[in-house]
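S.K.: the amino acid sequence is not available; the structure is as follows:
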């Protein structure tokens, strides 16, 4: 298992601004995942972040809008850039420490864009 | 992404009753997992069943998998009020040495006293 923390837990931002979300894991992991959960919806994978390489983005998500950093094996950030109300969502990071495919999730960051 | 579908979308039962949720998916899988989410917070992993398994138990949870029908079910027996949450199935595909998950649409379970 893994203990994952995210900062901030929630924020209210104005459109056109950017927010950087931090994800900290209590153990070293190879891959970290970032998800978006729009209100009342399921989770959608934004990107997979490997330490030391560029993140791999899923269809519909681009680096200019969601730049990701992965400076070491326990930390990652996701930035939501030039925000609009449509970006209002919960953003979650997760890791797979078991190698069996089970993922452990952070508590999420609830973002509201006004 | 090809999202799986779950039914029912919402389920309300009395404490002590059993709850059954179903998940259908579209692609071949390595495994299927079930997660619980309380009140829009982080997800908690419940159980994983591999593509070569047909049934798996964990405490009050029972999961079945039918790969020929591309479907799975989660049974929670003797439900409790604390089981009130959203439940998601998730299927994986291999990518670059790691697994990425595709989540289903979710079932909102409410267990009433």
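M.R.: Now that the structure is in, tell me what you want to look at. Predicted model, so just to flag it, every value in this text is computed and none were measured.
S.K.: element containing residue B:91, please.
M.R.: Assessed by DSSP states H and E, residue B:91 sits inside strand B:85-95.
S.K.: in that strand, what's buried?
M.R.: For strand B:85-95, a neighbour-count test (16 or more other Cβ atoms under 10 Å in any protein chain shown) marks B:85-92 as buried. C-betas here are computed from N, CA, C, even on glycine.
S.K.: again with stretch B:105-113
M.R.: B:105-109, B:111.
S.K.: most centrally placed residue in chain A?
M.R.: Chain A has residue A:34 as the residue nearest its centroid, 3.5 Å off, counting by Cα atoms, centre = their mean.
S.K.: which ones are touching the nearest residue to residue B:104 once chain neighbours are set aside?
M.R.: Using Cβ to Cβ, 6 or more residues apart in numbering or on different chains and skipping the chain neighbours, the partner closest in space to residue B:104 is residue B:4 (3.7 Å). Going by Cβ atoms under 8 Å, 6 or more residues apart in numbering or on different chains, residue B:4 touches B:23-26, B:89-91, B:102-105.
S.K.: and for residue 27, the neighbour number?
M.R.: Reading this off chain A. 13 (other Cβ atoms under 10 Å in any protein chain shown).
S.K.: actually it's chain B I care about, not the one you picked
M.R.: 10.
S.K.: wait, is it part of a helix?
M.R.: No - assessed with DSSP: H, G, I helix; E, B strand; the rest coil, residue B:27 is coil; it does not lie in a helix.
S.K.: circling back to that earlier point, just give me the closest of the buried residues of strand B:85-95 to chain A.
M.R.: residue B:92 (5.0 Å; Cβ to the nearest Cβ).
S.K.: packing partners for the lowest-mean-pLDDT helix or strand in chain B?
M.R.: Least confident helix or strand of chain B, by mean pLDDT, DSSP states H and E, is strand B:98-103 with a mean of 80. In this structure, strand B:98-103 makes packing contacts with strand A:31-37, strand A:43-50, strand B:85-95, judged by 3 or more Cβ pairs under 8 Å, 6 or more residues apart in numbering or on different chains; DSSP states H and E.
S.K.: so which residues make contact with the helix or strand just after it?
M.R.: Once strand B:98-103 ends, the next helix or strand along the chain (criterion: DSSP H and E) is strand B:107-112. Strand B:107-112 has contacts (Cβ under 8 Å, 6+ apart) with B:6-15, B:17, B:19, B:21, B:76, B:79-88.
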